[in-house]
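> just to be clear, the model below is a prediction. Sequence and coordinates:
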There are 2 protein chains.
Amino acid sequence: MVTNVVSNDKLYLGIDGGGSKCKATIVDTAGVILGTGIGGPANPFHGFSQATTSIIDSAQLALDDAKLSGEQISELIVGMGLAGVNLPSLYQQMAEWQHPFKKLFLTTDLHIACLGAHDGNDGAIMITGTGSCGYSLISGESKIVGGHGFPHADQGSGAWLGLQAVSSVLMSLDGIAQHSLMNKLMLEHLNCKNDLELVELVANKPARFFAQLAFVVFDAAQQQDVLACSIVDIGATYISNIARSLQLENPVRMSLIGGLAPKITPWLAADVQAWLQAPINLPEIGAIIYAKQQVTGEI
Amino acid sequence: MVTNVVSNDKLYLGIDGGGSKCKATIVDTAGVILGTGIGGPANPFHGFSQATTSIIDSAQLALDDAKLSGEQISELIVGMGLAGVNLPSLYQQMAEWQHPFKKLFLTTDLHIACLGAHDGNDGAIMITGTGSCGYSLISGESKIVGGHGFPHADQGSGAWLGLQAVSSVLMSLDGIAQHSLMNKLMLEHLNCKNDLELVELVANKPARFFAQLAFVVFDAAQQQDVLACSIVDIGATYISNIARSLQLENPVRMSLIGGLAPKITPWLAADVQAWLQAPINLPEIGAIIYAKQQVTGEI
């Protein structure tokens, strides 16, 4: 095995930790990507021990991928954005973690996503994946809109769309709402024969389960299904309203990111669509930008 | 202690088992109430062992209250209506329970509620408490509308109203929805200072937590709060639609029961309000009616 020697150079690790996976990227001082890794769930809201294990797993996989030794984990200067640490109690717990890195700079997943999307410059983002949220960072001032979680918030997210779809399908099967193409698509996708089986299957499921049903809504909406179009419209209106709220801060750039961004973009208000620009970098690169900003700030 | 002697008489126990408590009533052959008891949660969906423990607890409390000995549990002819046993797998599991009673006749909570409301005669009911559901029983044919659970269904129920209220309050505090009287009422009720504390408090909470917030919606709606009125309207429209679906079966009587019935009745459509008649008996009495019907049917 050839092991990279990067003496007299700094090693930066960017961590993007979310509710379903943890993404890690190692770069050198010049910004050249040396290796990447993906670990398990890393939102400390769902368990501190699970989150720290996933972070270390992803870092070790990135070290392997970079052909660096596992022990060099102690040389890494880490920028880390985690879902959940906007809650003060969770931020505190993660900040007190006895981590194995050289340095650890902790911030939110929103912050690194915004730094990544705009290559470290000021701007605003909306995210729609399993959850949804808006965030802007302008002249060092950040603003968060939404991002409160499932099932009580995050309109326009995958989990919200999936939950509304289940709700509509059950009303439709009961004859309380009109027939919907989603009925057939959802029962087929979940391999259910009827509403009783559907109810048994969806009971007590987490956000990520419902998020996987979001495509049923978009498929049906694309075929002009009235109930599906109504759900997507409500969700897209919420994302548009987040965008308008962020636009009040006059961001130079605005991006929509996350797994559902391509699907929901055509449903956004025309003025909002006109504001959107493609994200420049991934969130894990944003995490490295954050670490470099902090290191520079320390000098 | 005086112990009742009821030789040459049958003892009937009626059980109404739901997600938060289990209500038991003992009557003699003539229908005279001898004693009552209340046990813990008895929906087998949340645990078979918890449910059977709550059922026996409530039966023992009713025996005590009737001044009967604990051993006379083996003399009880039981009619039992349980939430959750409309799911075939749970019905099967409960039906196989090695119970301590003389006889056990198992059915759904909806069935006994309907028998109770109409004193054993045909009719239809809508229930709105923690959950919501519609049910009719006419010439031995039953029909269920709704009752699919939280958070994916049961519009117009306490849990649904509470969930919508949290959702609206968070949008309102974010500036995405207009100001609402519910913001202040909810933060005060939950002793929260802001949206972050509210989100920490409501995360991962069960249906019964959200159901306790339903009064916030009704309080605000009574004061013409726009967001609250909109939530109650959607919920009441759903209950009205359930009523219309049940009315297709031409029930002789129709009742609205459950903890939220008095609150939501004024919001129902005028035609639906005109159909409603007061329930005659409680569900646990309906359970006894069911047991007596089954015993008579056996002769």
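Received, thanks.
> which parts of the stretch 51-200 of chain A sit against chain B?
A:86-89, A:145-146, A:148-149, A:151-153, A:155, A:163, A:166-167, A:170-171, A:174-176, A:195-196, A:199-200 (C-beta under 8 Å from any C-beta of the partner chain). (C-beta placed from N, C-alpha, C; glycine too.)
> can you turn the buried subset of those residues into a selection I can paste into ChimeraX?
Buried residues within these, by 16 or more other C-beta atoms under 10 Å in any protein chain shown, are selected in ChimeraX with:
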select /A:86,87,145,146,148,149,151,152,153,155,163,166,167,170,171,174,176,195,196,199
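> from B:Leu115, how far out is the closest residue to chain B within chain A?
At 3.9 Å from chain B, A:Pro151 is the closest residue in chain A, using C-beta to the nearest C-beta. Relative to B:Leu115, A:Pro151 is positioned 34 Å away (C-beta to C-beta, to the nearest Å).
> what does A:Leu170 give?
Separation of A:Leu170 from B:Leu115 (C-beta to C-beta): 26 Å.
> now swap in A:Ile264 and tell me
To B:Leu115, A:Ile264 is 48 Å away according to C-beta to C-beta.
> between those two, which has more neighbouring residues?
B:Leu115 (30 against 24; other C-beta atoms under 10 Å in any protein chain shown).
> isn't the more buried one right up against B:Gly286?
Yes. At 3.7 Å, B:Leu115 counts as touching B:Gly286 under the criterion of C-beta atoms under 8 Å.
> how about A:Ala177: what's its closest non-neighbour residue?
Of all residues not flanking A:Ala177 in the chain, A:Met171 sits nearest, at 3.8 Å (C-beta to C-beta, 6 or more residues apart in numbering or on different chains).
> which SS class is the residue of chain A closest to chain B?
coil (DSSP: H, G, I helix; E, B strand; the rest coil).
> residues contacting the closest residue in space to it that isn't next to it in sequence?
Nearest residue to A:Pro151, sequence neighbours excluded (C-beta to C-beta, 6+ apart): B:Pro151, at 3.9 Å. Residues near B:Pro151 by C-beta atoms under 8 Å, 6 or more residues apart in numbering or on different chains: A:151, A:163, B:159-160, B:163, B:207.
> rebuild those as a markdown table, extending it with distance to B:Thr52.
As requested, these are exported to a markdown table (distance: C-beta to C-beta, whole Å):
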| residue | distance to B:Thr52 |
| --- | --- |
| A:Pro151 | 30 |
| A:Leu163 | 32 |
| B:Ala159 | 25 |
| B:Trp160 | 29 |
| B:Leu163 | 30 |
| B:Ala207 | 22 |
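> lowest pLDDT pick from these?
Least confident of the contacts of B:Pro151 in the model: B:Ala207, at 92.
> show the subsequent helix or strand relative to whichever helix in chain A runs longest.
Ranked by residue count and defined by DSSP state H, the top helix of chain A is helix A:226-247. Next helix or strand after helix A:226-247 toward the C-terminus (DSSP states H and E): strand A:254-257.
> ok, residues contacting whichever helix or strand comes after that next one?
Next along the chain after strand A:254-257, taking DSSP H and E as the criterion, comes helix A:261-264. The list of residues contacting helix A:261-264 from outside it, by C-beta under 8 Å, 6+ apart, reads A:128, A:156, A:214-215, A:218, A:232, A:235-236, A:239, A:256.
> derive a ChimeraX selection command for the buried subset of those residues.
To isolate the buried members of these in ChimeraX, using 16+ other C-beta under 10 Å:
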select /A:128,156,214,215,218,232,235,236,239,256
